[in-house]
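[1] My questions are about this predicted structure, shown below with the sequence.
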Amino acid sequence: MGILREPKVFVVDDDVSVRVAVGRLIRSAGLEVETFASAEDLLEAWPSDASGCLIVDVQMPGLSGLELQTELAALGSTVPIIFITAHDDPNARSRALNGGAADFLEKPFDDEELIAAIHAAFEADT
C-alpha cells in the first residue's frame, strides 16, 4: 500500500505579491501550500499522484491558466482548479467552468471565500 499524500494547495500566479499573500492565507488556515511563478514551473514539478487543489491566475505570461487546465487534463489530472483573475472575462469564466473548474473568483476576493472554495475543492477531490 502506498503512502497517501496530504492534500496540498498549489498556487500559480505570476504576481509575487499575490503568491505571497495567498500562500500566507492558506498556511494560516492550517493547510499545506506550494507556490509557482508560472504554469510551466508547476508542470515541471507536478507529482502524478497530486491531491488537493490548484489556485491559478487566468492571465499569465507563457501558458495561461486556461491552457494549464487543458495540459493537466491531458496528463489525466483530476485535481480541482480554482481560477482567480483581476479581469472578469465572461468568456474565460465559461471556458474554465466548462473545463471542470471548481470555482472562479475575481481579485480582490474575500479571504473566507477563498478558504471556503479550497475546502469545497478538497471535498470534491476525495
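    Arrived safely.
[2] contacts and neighbour counts: CA atoms only from here.
    Fine.
[3] Just to check, Val56 is in contact with Pro80?
    No. Val56 is not in contact with Pro80 according to Cα atoms under 8 Å; the separation is 10.5 Å.
[4] for this protein, which spans come out with low pLDDT?
    The model of the chain has pLDDT under 70 over residues 1-5, 126.
[5] host element of Pro47?
    Pro47 belongs to no helix or strand when assigned by DSSP states H and E.
[6] Which of the three states applies to Leu63?
    Classification of Leu63 by DSSP: H, G, I helix; E, B strand; the rest coil places it in coil.
[7] Now it: closest residue in space, sequence neighbours ignored.
    Once flanking residues are discounted, Leu63 sits nearest to Ala39: 5.8 Å by Cα to Cα, 6 or more residues apart in numbering.
[8] who's in contact with the one you found?
    Contact analysis of Ala39 by Cα atoms under 8 Å, 6 or more residues apart in numbering lists Val12, Gly62, Leu63, Ser64, Gly65, Leu68.
[9] separation between it and Glu112?
    Distance of Ala39 to Glu112, given as Cα to Cα, to the nearest Å: 25 Å.
[10] what does Leu31 give?
    Distance from Leu31 to Glu112, by Cα to Cα: 14 Å.
[11] So for these two, which residue has more residues nearby?
    Leu31 (18 against 11; other Cα atoms under 10 Å).
[12] burial count for the residue lying closest to the more buried one once chain neighbours are set aside?
    Distances taken as Cα to Cα, 6+ apart put Lys8 closest to Leu31, at 7.0 Å, once the chain neighbours are dropped. Neighbour count for Lys8, taken as other Cα under 10 Å: 18.
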